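Student: I would like to see how this sequence folds:
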Amino acid sequence: MQINKNQPKGKMSRIRLNSEYRNKIGNRMQIHLQQEDTIEKQKYDNLKADQIDINDKAWTVAEQIVRRHYTPSDVEKAYYLQNKFENVNTIAKDSCFHFHYLGKKETRDYDNNLKIEENVPIEKHFDFRLSGSIDTENNSSSSRGDNEYGYALFRDELKAQDNCNPDILIEQDGKDNNPHKTKYVDANNKYLGDDDKGYGKEWNDKYQLDLIGREYCRDRTLLCSEQEFMMLQDWKQAKGQFVMAHHKWIKSVLDQMKEIKVGLKGYKYLDEAIELSTELGLNITDAEIIRTNSTGLVIYNPKNLADRIKGMKNKRVKTQAEKIAERVAYMSQSGVVN
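Tutor: Numbers count the residues shown, from 1 in each chain. Got it, this is the predicted structure:
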């Protein structure tokens, strides 16, 4: 704390902001923004609550398809032969499958005339592992996989770890691989585990079946009905929608933090930063910031900047009844309504 010699005796000078104070306040604000009940967060929370149920229902469909092809009797015989002969390797537990149905496919001939082919195998890969692929578009043309679903589903668990960051892929979206990203991705994956340990093992053990065949996904595609195929495709898309909800929620927070960081960088004094946090609904004191370890543009006045950031939030939309009630109250106060 610096004392201005020109000030009246006994009156302390304003505390100047430094990098440490800016980082502390910025971190507190980011936590506050993540806890706000915005539309993006509500969608993420609602979809997260559905995940176990949609996975279980999709698994029931997949299990029915597999067991039509490989009956319990077939599985028993396959294990008998595999255990009896050393050179037989024909059955193993698996969590991913290739399913297909016989449908119609549009093609073009040499003259660019439309042709409809009948009984064409329509195939897709369905992976029930925690790191399994997902669809991020309604037409299923965009597929993603690996870590995003696990990071979104076990976000709270990862957030509670000092060395993990479940939002790292969103924060690094569009950037090349770098040591910072690799550090947190490796830590996240280590904590979540895989087929041998952690949440990954618990999840993957739940969703696996004895499958007869060879190697990856037991090397063959299984016939299913079109209805079963569409149910599994909807499941894969629902997982993708959940991942995108996580992405949009955190991206909205990051966009607000960009504005906040610009404002904090332009402020000279701690009380300006505290005023901004107060305007945004976060009550902190200078003592908290110290203890825990103007650009000249009107927009960066603490109140103006707070209003700008508030305008970036998508909070719950008022109902028509609420809007009418507010309007009636306003007109009554204004003397318009007798």
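
Student: For the stretch 51-200 of the chain, just list every one of the strands.
Tutor: In the stretch 51-200 of the chain, the strands defined using DSSP state E, counting those that start in this stretch lie at 91-94, 96-108, 114-127, 134-135, 143-144.

Student: so what strands line up beside the longest one?
Tutor: Strand pairing for strand 114-127, using DSSP bridges, gives strand 96-108 (antiparallel).

Student: top helix in this structure by residue count?
Tutor: For the chain, the longest helix by residue count, based on DSSP state H, is helix 226-266.

Student: about what we covered before: most neighbours per residue, which of the strands of the stretch 51-200 of the chain?
Tutor: Highest mean neighbour count among the strands of the stretch 51-200 of the chain (mean count of other C-beta atoms under 10 Å): strand 134-135, with a mean of 23. C-beta here means a position set from N, CA and C on the backbone, and glycine is covered the same way.

Student: All the helices of the stretch 1-150 of the chain, in order from the start?
Tutor: 19-35, 39-69, 72-84, 148-153 (DSSP state H, counting those that start in this stretch).

Student: before we move on, the earlier item: and of the strands of the stretch 51-200 of the chain, who's closest to Q30?
Tutor: Nearest to Q30, of all the strands of the stretch 51-200 of the chain, is strand 143-144, at 25.4 Å by C-beta to C-beta.

Student: Could I get the average pLDDT for the closest one?
Tutor: When pLDDT is averaged along strand 143-144, the result is 52.

Student: now stretch 63-77
Tutor: 94.

Student: For it, output the C-alpha coordinates as CSV.
Tutor: Listed next in CSV are the C-alpha coordinates belonging to stretch 63-77 (Å, rounded to 0.1, in the frame of the first residue of the first chain):
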residue,chain,number,x,y,z
GLU,A,63,-27.8,-55.5,-26.6
GLN,A,64,-30.9,-56.8,-28.3
ILE,A,65,-29.3,-56.5,-31.8
VAL,A,66,-26.1,-58.3,-30.7
ARG,A,67,-27.9,-61.1,-28.9
ARG,A,68,-30.1,-61.8,-32.0
HIS,A,69,-26.9,-62.5,-33.9
TYR,A,70,-24.8,-64.1,-31.1
THR,A,71,-27.1,-65.9,-28.7
PRO,A,72,-26.1,-66.8,-25.2
SER,A,73,-25.7,-70.4,-26.4
ASP,A,74,-23.3,-69.2,-29.2
VAL,A,75,-21.3,-67.2,-26.6
GLU,A,76,-21.0,-70.3,-24.4
LYS,A,77,-19.8,-72.5,-27.2
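
Student: hmm, who's touching it?
Tutor: A78, I91, F97, F99, L209, D210, L211, I212, L222, L223, C224, E228 (C-beta atoms under 8 Å, 6 or more residues apart in numbering).

Student: and if we set it to 6 Å?
Tutor: Applying C-beta atoms under 6 Å, 6 or more residues apart in numbering, the contact partners of stretch 63-77 are L209, D210, I212, L222, C224.

Student: The second one and E40, how far apart?
Tutor: Counting by C-beta to C-beta, to the nearest Å, the separation of D210 from E40 is 42 Å.

Student: for E226, same thing?
Tutor: E226 is 35 Å from E40, by C-beta to C-beta.

Student: and the two? which has more neighbours close in?
Tutor: When neighbours are counted by other C-beta atoms under 10 Å, E226 and E40 differ, and E40 comes out ahead with 20 against 11.

Student: Contacts only, for K248.
Tutor: E40.

Student: following whichever strand or helix holds E202, which helix or strand comes up?
Tutor: Counting by DSSP states H and E, the element that carries E202 is helix 198-206. The helix or strand immediately downstream of helix 198-206 is strand 209-212, counting by DSSP H and E.

Student: burial of S225, as a residue count?
Tutor: 14.

Student: For E279, which non-adjacent residue is spatially closest?
Tutor: A306 (3.2 Å; C-beta to C-beta, 6 or more residues apart in numbering).

Student: measure the one you found to N188 for me?
Tutor: 33 Å.

Student: a markdown table for the contacts of stretch 63-77, including pLDDT and distance to K48?
Tutor: Below are the contacts of stretch 63-77 laid out as a markdown table (pLDDT from 0 to 100; distance: C-beta to C-beta, whole Å):
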| residue | pLDDT | distance to K48 |
| --- | --- | --- |
| L209 | 92 | 26 |
| D210 | 90 | 31 |
| I212 | 87 | 35 |
| L222 | 93 | 31 |
| C224 | 97 | 28 |
